[in-house]
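In: need a structure here:
(3 chains)
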Amino acid sequence: MRAVASVLHLDLDAFFAAVEQRDKPSLRGKPVIVGGVGGRGVVSTASYEAREYGVRSAMSTREARSRCPHAAFLSGRFHAYRSTSDEVMRLLRSVSPLVEPLSLDEAFIDLAAADTTEHPGLADLSLPSVTAFAEELRSRLTEVTGGLTASVGIGTSKFIAKVASDLDKPDGLVVVAPGTERDLLRPMKVTVLPGVGPATAERLRRVGVHTVADLESLDEDELVRLLGKASGHWLYSLARAEDDRPVVAEREAKSVSVEGTYDHDLTDRSLMEHLLTRQAGDVARRLRKAGLSGRTITIKVRMHDFTTVSRSNTLASPTDTASTIARLARGLLADLDTSGGVRLLGVGVSGLADWVQEDLFGETAEEEEELPEVKVPHHSRRVWAPGMDVVHTEMGQGWVWGSGRGVVTVRFETAATPAGPVRSYSEDDPELSPWLPPTQPE
DNA sequence: TCTGGGGTCCTAGGACCC
DNA sequence: TCTGGGGTCCTAGGACCC
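Out: Just a heads-up that it's a prediction; the model follows:
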């Protein structure tokens, strides 16, 4: 904890939804919900108009629809969010070289590391100075981004800055005076502490701890016994507003992964293998782009009942090769019983190194296998997601490769050309389309 | 037809080595 | 026929965060 309030936390308000409202004026003042629009989607961001209806992040899109049916439901434009975020981070880095992004819409800034010839207002880090500076920064941000707003907190540590930015949302600024931290925290619920989620909160509740003040009264050994070594010590300190974590500008990635939840549970093993193969290709592409490679390949499988298992395998030397990652991933899947159906599949690589053994031989570009595909007519008004939606036909399951008017292209998992007729499906005829998902509400 | 996707960190047990 | 202790690596699962 510092003697002066020199850590700033900035949080863009309802970021994804705000970008949509900025870029599409007809959405301004209206409820906007960005998230997964499929049958198993969840809300990423709800605009403040949508929050009035009780819509929250992480809520299922289904529930959000029932709470706020007239909202605009959008699947998100990540390039737009990325580039807006880049502009914001650039602005923040013009203040101080020590900017630590936490996500696209959040960052810490170390004001003590600011260049005071560029920013004379930060020469002394008094409360009036940092307050004036933060107001200036917020209005610059609104200019630069074409109208977005941010909530800002300033304090003597990362923890306090973050708590502060949450106190006056949206479009607010809170500066916590040095020395007042513990009084601020004491009446708050323990869930304000980073690291206290539902499970830890429940454990604490069972020993009568609800607020930070309650937590303060437990001794350190007791906390360690209750929550384990790391959390015990950590929460003991946090309850006393002790936090010396530095603002770190560059953090190295530890893993790269891709996963997908499917609207309908998968049962076909070779289709699963195929989806893993594609995900392995995506992971490999991202590794190469970042100049990374890794030794440990992990698959993640979420079963129909939401139980989740992972299996991993570690290579002697790192790889960034799609075929290697894919082969290992398929091998790991082979040991699992998936007969109950699978809702999620994922592939990840960890144990990263920033060197690539295969570089000795240059890039080994890989080609997608050629697979049989058929065009299948349908009468659904739903939006098909290539690579995500899976359809059942008389020839077995295939995945949607493309879609056009009244027709989807379905690819099959095996190299053999499927035999047999392809029947047209109609959602009005259960006999013809026992598998067809319901039409998405428009 | 409840429950995303991309991450980080921690714990605990077993293998293996000295 | 007794049996240590530490360190590191790997695997699996879980909590948490945005």
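In: quick one, strands of the stretch 251-400 of chain A?
Out: Ranges of strands in the stretch 251-400 of chain A, per DSSP state E, counting those that start in this stretch, are A:255-266, A:293-303, A:308-319, A:342-353, A:373-377, A:390-393, A:396-404.
In: reformat the ones you listed as a markdown table; add mean neighbour count and mean pLDDT.
Out: Every residue, glycine included, has its C-beta placed from N, CA and C. A markdown table is the format used below for the strands of the stretch 251-400 of chain A (neighbours: other Cβ atoms under 10 Å; pLDDT from 0 to 100):
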| stretch | mean neighbour count | mean pLDDT |
| --- | --- | --- |
| strand A:255-266 | 18 | 97 |
| strand A:293-303 | 21 | 98 |
| strand A:308-319 | 14 | 97 |
| strand A:342-353 | 21 | 97 |
| strand A:373-377 | 16 | 62 |
| strand A:390-393 | 19 | 63 |
| strand A:396-404 | 18 | 62 |
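In: format those strands as CSV; extra columns: distance to DNA strand B.
Out: Listed next are the strands of the stretch 251-400 of chain A as CSV, based on distance: least, Cβ to the nearest atom of the strand, whole Å:
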stretch, distance to DNA strand B
strand A:255-266, 3
strand A:293-303, 7
strand A:308-319, 9
strand A:342-353, 5
strand A:373-377, 20
strand A:390-393, 13
strand A:396-404, 14
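In: of all these, which one comes closest to DNA strand C?
Out: Among the strands of the stretch 251-400 of chain A, strand A:308-319 comes nearest to DNA strand C, with 3.4 Å by Cβ to the nearest atom of the strand.
In: follow-up on the earlier one: would you turn the strands of the stretch 251-400 of chain A into CSV with distance to A:L227?
Out: What follows is the strands of the stretch 251-400 of chain A, written out as CSV (distance: least, Cβ to Cβ, whole Å):
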stretch, distance to A:L227
strand A:255-266, 25
strand A:293-303, 26
strand A:308-319, 23
strand A:342-353, 26
strand A:373-377, 53
strand A:390-393, 41
strand A:396-404, 44
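In: which among those strands is found nearest to A:R206?
Out: Closest to A:R206 of the strands of the stretch 251-400 of chain A, according to Cβ to Cβ: strand A:308-319, at 25.4 Å.
In: and the angle from that closest one to strand A:293-303?
Out: Interaxial angle of strand A:308-319 relative to strand A:293-303 (axes from the mean of the first three to the mean of the last three Cα atoms, to 10 degrees): 160 degrees.
In: strand A:308-319 vs DNA strand C: in contact?
Out: Yes. Strand A:308-319 is in contact with DNA strand C by Cβ under 7 Å from any atom of the strand, via A:T308, A:V309, A:S310, A:R311, A:S312, A:N313, A:T314.
In: let me know how buried the closest residue to DNA strand C within chain A is, in neighbour terms.
Out: Using Cβ to the nearest atom of the strand, the single residue of chain A nearest to DNA strand C is A:G197, 2.3 Å away. The burial count assigned to A:G197 is 10, neighbours taken as other Cβ atoms under 10 Å.
In: now do the one 4 residues further on
Out: By other Cβ under 10 Å, the residues close to A:A201 number 16.
In: kindly report the same for A:A134.
Out: With other Cβ under 10 Å as criterion, A:A134 counts 22.
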